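Q: Take this sequence and fold it.
(one chain, ligands or ions: 1)
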Amino acid sequence: MSVRYAFRCIGAVPLILGLLSAGCKGEVVPEALPLVQDAWVTEARQQADRLGGALQQTLRDTIMAQGVEAGIDVCHVEAPEIAARLSAEGWQVGRTALRLRSQDNAPTAWQHEQLLVMQDAPMQDGRPAEAMRVVDQGGTNVFEYLRAIPMQDACMACHGPAIDESVLQTVAQRYPDDEATGFLSGELRGAFVIRRALE
Ligand code: HEC
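A: Just a heads-up that it's a prediction; the model follows:
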């Protein structure tokens with residue numbers, strides 16, 4: 001399978017691996033790029049699939065059995081738990097966004113930059129937009145992968161433009177600073193964050 005590069009630098013220019021060192025911000029570690037293996041990109045995509053699948057399954061089951069408000073409680077407790085459970089085998093998984101419900105999911109500067117690019121085009125060639133990099137963190141090179149999460153119908157009850165008053169109240173109790181409502185179908189809701197330290 002051919003891997004779509006999806007390295008993004010300033011100016012939203014997708015660059016192929018070999019060109020990465022040109023035009024990117026200083027944090028990127030060009031000499032670490034040969035270490036980025038196609039297999040990791042494939043695995044990062046699988047990790048994003050697993051996290052997205054597990055979250056959607058839990059939400060669907062809870063909402064069907066107990067209603068939307070119960071779903072908020074589940075999300076509050078279980079989203080971080082599911083992420084922790086899936087963060088096995090050297091991978092760390094999570095979610096971030098520009099407009100946050102939970103401040104625990106706040107983006108880093110690089111993630112923020114990529115989210116702004118993704119916001120303009122959440123889908124590319126029929127697939128959610130992606131970005132990745134290698135960054136030096138405290139002497140360890142870390143491979144980091146982001147994948148856009150476009151807003152879907154299944155998310156409307158809690159992130160859409162017309163949320164039930166009772167649901168809004170429950171959200172406000174848990175997340176007094178909530179900014180994650182008013183999204184229209186297809187808009188960028190956020191991104192999966194998948195990371196692993198390079199050996
Ligand atoms: C039952 C209500 C509910 C539904 C439905 C729901 N969410 Fe959320 N969402 C939440 C809650 C609550 C949080 C905060 C979770 C936490 O504390 O980490 C959240 C957080 C997020 C985040 C992390 C960034 C942030 O704002 O904190 C993303 C991304 C996200 N949701 C996307 C989605 C998508 C995509 C869907 C549809 C597939 C969806 N949500 C459906 C309630 C919901």
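Q: Name the nearest residue to residue 92, ignoring sequence neighbours.
A: residue 195 (4.6 Å; Cβ to Cβ, 6 or more residues apart in numbering). Bear in mind the C-beta positions are built from the backbone N, C-alpha and C, glycine included.
Q: so how far is residue 127 from the one you found?
A: For residue 195, the distance to residue 127 (Cβ to Cβ, to the nearest Å) stands at 20 Å.
Q: In terms of neighbours, single out the busier of these two.
A: Counted by other Cβ atoms under 10 Å, residue 195 and residue 127 do not tie: residue 195 has more neighbours, with 20 against 12.
Q: part of a helix, is that one?
A: No. Membership of residue 195 in a helix is not supported by DSSP: H, G, I helix; E, B strand; the rest coil, which gives strand.
Q: For it, name its beta-bridge partners.
A: Going by DSSP bridges, residue 195 is paired in beta bridges with residue 92, residue 144.
Q: can you pull the contacts of it?
A: Contact analysis of residue 195 by Cβ atoms under 8 Å, 6 or more residues apart in numbering lists 91, 92, 93, 142, 143, 144, 145.
Q: Check residue 184 too.
A: Residue 184 neighbours (Cβ under 8 Å, 6+ apart): 151, 160, 161.
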